[in-house]
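*Asks:* Sequence unavailable; structure follows:
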């Protein structure tokens, strides 16, 4: 039974890293789930402290909130409008139905179309769409860092 639990925990960590790039998979949530499984069901490893689990849970909530707020916030800080931020969000969700590449392209095109509907400058709309894409890349980085920290907690115990 112990080896089955270890396999499930390792699979959760692997899928968690994939989830950093594929928005359909909740990467950080899966990494935290691996920590919880290890804490509560592993007989060979000592349990984590409740403080570590609480801190990682709090950081997880912050990461989940930032994952949705950062791309729109960066779009607005770049001089974009709410139309560009909403277009990026709509395009990202529409692109999820295709592939991860479709999601990225959908987010970029959504921001571009949203800005073009609001303003007439194509160059400005492209710039704002690029900032929206950069915001997405920033959230991918934040999720990867969380998963790396969770993996370190998992393996260095």
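*Replies:* Happy to help now that I have it. Note that this is a predicted model, so its numbers are computed, not measured.
*Asks:* what's the burial count for residue 80?
*Replies:* 26 (other C-beta atoms under 10 Å). For glycine as for every other residue, the C-beta is placed from the backbone atoms N, C-alpha and C.
*Asks:* residues in contact with it?
*Replies:* Each residue near residue 80 by C-beta atoms under 8 Å, 6 or more residues apart in numbering is listed here: 111, 115, 128, 131, 132.
*Asks:* any idea of the mean pLDDT in the lengthiest helix in the chain?
*Replies:* The single longest helix within the chain, with elements called by DSSP state H, is helix 122-155. Averaged over helix 122-155, pLDDT sits at 90.
*Asks:* Pull out the buried residues from that helix.
*Replies:* 124-125, 127-129, 131-133, 135-136, 138-139, 142-144, 146-147, 150-151, 153-154 (16 or more other C-beta atoms under 10 Å).
*Asks:* Stretch 38-49 too?
*Replies:* Those would be 38, 39, 41, 42, 48, for stretch 38-49 by 16+ other C-beta under 10 Å.
*Asks:* Tabulate those residues (JSON lines), appending secondary structure.
*Replies:* What follows is those, written out as JSON lines (DSSP: H, G, I helix; E, B strand; the rest coil):
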{"residue": "38", "secondary structure": "helix"}
{"residue": "39", "secondary structure": "helix"}
{"residue": "41", "secondary structure": "helix"}
{"residue": "42", "secondary structure": "coil"}
{"residue": "48", "secondary structure": "coil"}
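*Asks:* can you redo those residues as JSON lines with pLDDT?
*Replies:* As requested, those are exported to JSON lines (pLDDT from 0 to 100):
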{"residue": "38", "pLDDT": "87"}
{"residue": "39", "pLDDT": "86"}
{"residue": "41", "pLDDT": "84"}
{"residue": "42", "pLDDT": "77"}
{"residue": "48", "pLDDT": "76"}
